[in-house]
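> fold the stuff below for me.
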Amino acid sequence: MLFAMVVGTLPWTSAAQAHGTVINPASRAYQCWKTWGNQHTNPAMQQQDPMCWRAFQANPDTMWNWMSQLRDGLAGQFQARTPDGQLCSNALSRNDAVNQPGAWKATTVGRNFTVQMYDQASHGADYFRVYVTKQGFNPATQRLGWGNLDLITTTGRYAPAQNISFNVSVSGRTGSHVLFVIWKASHMDQTYMWCSDINIT
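Got it, this is the predicted structure:
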């Protein structure tokens with residue numbers, strides 16, 4: 001029910017512009033948009049959510065276009081063509097604010113939880129690759145690199161649908177971590193990458 005209510009609040013855009021993101025645990029840009037989109041000029045953001053404040057100052061379009069963090073034509077060469085420190089932005093310079101280390105708001109999860117992805121244009125997925133940071137990585141002080149990650153899940157295909165969910169296990173970890181998700185869309189060679197901040201209890 002909550003998932004349906006959240007999706008019901010998402011903005012409408014044309015199919016040419018509409019894509020998607022992980023909405024739970026929320027990707028960084030989506031979390032900033034969801035929390036502050038309606039009050040993005042509120043000065044309280046600077047104290048209450050400094051990372052979102054910095055992101056809005058750097059480029060508000062990162063949040064307004066939370067569903068469009070994609071690159072075409074990677075041909076599966078995700079690591080070779082995505083430098084360390086640029087994973088959270090999918091190596092898009094316009095979204096570099098989401099690569100910055102700091103006190104990002106985190107979603108509290110258990111060691112087994114469900115990832116919920118919203119695919120506004122119903123592209124479907126060839127697969128998702130899901131990674132989580134190694135124990136000891138500090139998202140408050142470190143940019144994310146490939147060497148900081150463990151691959152925990154590679155899914156199968158998903159038929160076109162707006163709401164996609166799958167279960168993951170992050171056993172052996174506690175505390176602050178980054179969940180890193182790669183979505184290989186089915187309609188063309190189009191790849192999305194996102195970081196979601198989590199607190200594992």
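> from now on I want contacts and neighbour counts done on CA atoms only, so please keep to that.
Will do.
> next secondary structure element downstream of the helix or strand bottoming out on mean pLDDT in the chain?
Between all helices and strands in the chain, the lowest mean by mean pLDDT, DSSP states H and E belongs to helix 2-8, at a mean of 44. Along the chain past helix 2-8, the next helix or strand (assigned with DSSP states H and E) turns out to be strand 20-24.
> could you list the buried residues of that following strand?
Neighbour-count burial for strand 20-24, counted by 16 or more other CA atoms under 10 Å, picks out Gly20, Thr21, Val22, Ile23, Asn24.
> which two of these have the greatest separation?
Gly20 and Asn24 (12.1 Å; CA to CA).
> identify the contacts common to these two.
Any residue near both Gly20 and Asn24 by CA atoms under 8 Å, 6 or more residues apart in numbering counts here, and that gives Met117.
> for whichever strand or helix holds Thr108, packing partners?
Secondary-structure assignment from DSSP H and E places Thr108 in strand 107-109. For strand 107-109, the elements it packs on are strand 190-200, judged by 3 or more CA pairs under 8 Å, 6 or more residues apart in numbering; DSSP states H and E.
> quick one: the strand it packs on to strand 20-24, angle?
Here strand 190-200 runs at an angle of 10 degrees relative to strand 20-24 (axes from the mean of the first three to the mean of the last three CA atoms, to 10 degrees).
> pull the residues that contact strand 190-200.
With contact meaning CA under 8 Å, 6+ apart, strand 190-200 is reached by 21-22, 25-28, 69-74, 87-90, 104-111, 173-185.
> just stretch 49-68 next, same as before
With contact meaning CA under 8 Å, 6+ apart, stretch 49-68 is reached by 17-21, 29-30, 32-33, 37, 40, 45-46, 94-95, 97-98, 102-105.
> domain map for the protein?
The chain breaks down into these structural domains: 29-66, 73-201 (assignment by automatic domain parsing).
> quick one on the thing from earlier: list only those of the contacts of strand 190-200 flagged as buried.
Looking at the contacts of strand 190-200 with 16+ other CA under 10 Å, the buried ones turn out to be 21-22, 25-28, 69-70, 87-90, 104-107, 109, 173-174, 176-185.
> contacts only, for the closest residue to Ser171 other than its chain neighbours.
With sequence-adjacent residues excluded and distances taken as CA to CA, 6 or more residues apart in numbering, Ser171 is closest to Arg111, at 5.2 Å. For Arg111, the contact set (CA under 8 Å, 6+ apart) comprises Ser169, Val170, Ser171, Arg173, Ile200, Thr201.
> okay, these in TSV with pLDDT and distance to Pro139 next?
Supplementary listing: the contacts of Arg111 in TSV, determined by pLDDT from 0 to 100; distance: CA to CA, whole Å:
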residue	pLDDT	distance to Pro139
Ser169	97	20
Val170	97	16
Ser171	93	19
Arg173	96	14
Ile200	98	13
Thr201	97	16
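> thanks a lot, see you next time.
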